[in-house]
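A predicted structure for the sequence below; I have some questions about it.
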Amino acid sequence: MAALNERKVAVVGCGFVGSASAFALMESGLFSEMVLIDVNREKAEGEALDISHGLPFAKPMQIYAGDYKDAGDAAVVVVTAGAGQKPGETRLDLVKKNVGIFKSIIPEIAKYNKDGILLIVANPVDILTYAAAKLSGFPENRVFGSGTVLDTARFKYLLGEHLSVDSRSVHAFIIGEHGDSEIAAWSSANVSGIPIHDFCEMRGHFEHEKAMKEIAENVKNSAYEIIEKKGATYYGIAMSVRRICEAIIRDEKSILPISSIQHGDNGIDGVALSMPAIVGRSGVEGAVPIRLSDQEKEALGKSSETLKAVINESL
């Protein structure tokens, strides 16, 4: 096995999400080498060329199409490969197709790369993160999904718009499944330490229940709306991939709601879903407790059961 190259990333899958992620990673300056892998080699070559042609405006980098062997020394392997979500289709509808694809992809990655981090981005991300952990044999801290990192960004964005405040000052999480059973964790939401309801009232908003329901629904339905309007979502998730890779490569110990296999916290076991976790160079470095109401805990339990039923049926 080749020694890991800390400045190298591999992107497996060159569809909309994979190519947008590759572009975002090039712009980040985090890596000096990037290999693009796709079942359609010409597509990977085309994307590598297209992105490479902008390198005079960016940081020096080697970008090329390759195969799984070329990912052997990558510090991070980003897996976006899989069938995309079509209009009217839920993320869970994709399960059978994409688990089948993962059964051919993940063992190939693991054959050549034993020490890198597997970042799963393809949907349904929670099921595929669980499948990737089992298929790769990697320690669980080094296999995790993009989870609700994007949903959480959408949540912060919408709250920032609602309150006319910088979304970076909003601290709130979407947890659970990246999908229809996700939970907006209102109990722990705040703006620069001020509880969310108090801040809302400071800004002249008093109909909390109505606003909470509307914002949570808008977050949950964001992907469906975008897919209906333009066919696919890719820029937001690409920026999420960049953010997660920053936390890994710079060993930031950032707290991000990534999807990882749970072992008893909040009564959830044997399923991958999103909860806040410390992310650094070794991957998931530990769970971060989050304040939840009884109602939120119950919804999280239901989200877990939904995912567990799908795992039992498809794996």
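Perfect, thanks for sending it.

Only C-alpha atoms from now on, for both contacts and neighbour counts.
Fine.

Give the helix, strand or coil label for Gly84.
coil (DSSP: H, G, I helix; E, B strand; the rest coil).

Could you report the neighbour count for it?
21 (other CA atoms under 10 Å).

pLDDT value on it, please?
Per-residue confidence at Gly84 stands at 74 (pLDDT).

Please apply the same query to the one 4 residues further on.
What the model reports as pLDDT for Gly88 is 79.

Centre of the chain to stretch 65-85, how far?
15 Å (CA atoms, centre = their mean, to the nearest Å).

and the nearest residue to Val121 once chain neighbours are set aside, what does it touch?
Once flanking residues are discounted, Val121 sits nearest to Thr80: 5.0 Å by CA to CA, 6 or more residues apart in numbering. By CA atoms under 8 Å, 6 or more residues apart in numbering, the contact set of Thr80 is Val11, Val12, Gly13, Cys14, Gly15, Val17, Gly18, Ile120, Val121, Ala122.

Of those residues, which is the nearest to Val284?
When the contacts of Thr80 are compared for distance to Val284 (CA to CA), Ile120 wins out at 13.2 Å.

Can you get me a residue count around the nearest residue to the closest one once chain neighbours are set aside?
Excluding its sequence neighbours, the residue lying closest to Ile120 (CA to CA, 6+ apart) is Gly145, at 4.4 Å. Neighbour count for Gly145, taken as other CA under 10 Å: 34.

Distance check, Gly145 against Ala272.
Distance of Gly145 to Ala272, given as CA to CA, to the nearest Å: 9 Å.

ditto for Lys97
Distance from Lys97 to Ala272, by CA to CA: 19 Å.

can you give me the helices for the stretch 101-250 of the chain?
Counting by DSSP state H, counting those that start in this stretch, the stretch 101-250 of the chain has helices at residues 125-136, 149-163, 196-202, 208-230, 235-249.

what does the fourth one contact?
With contact meaning CA under 8 Å, 6+ apart, helix 208-230 is reached by 86-88, 151, 154-155, 158-159, 179-180, 182-184, 197, 232-233.

what sits against the residue nearest to Ile120?
Leu119, Ile120, Val121, Val125, Asp126, Thr129, Ile258, Ser259, Ser260.
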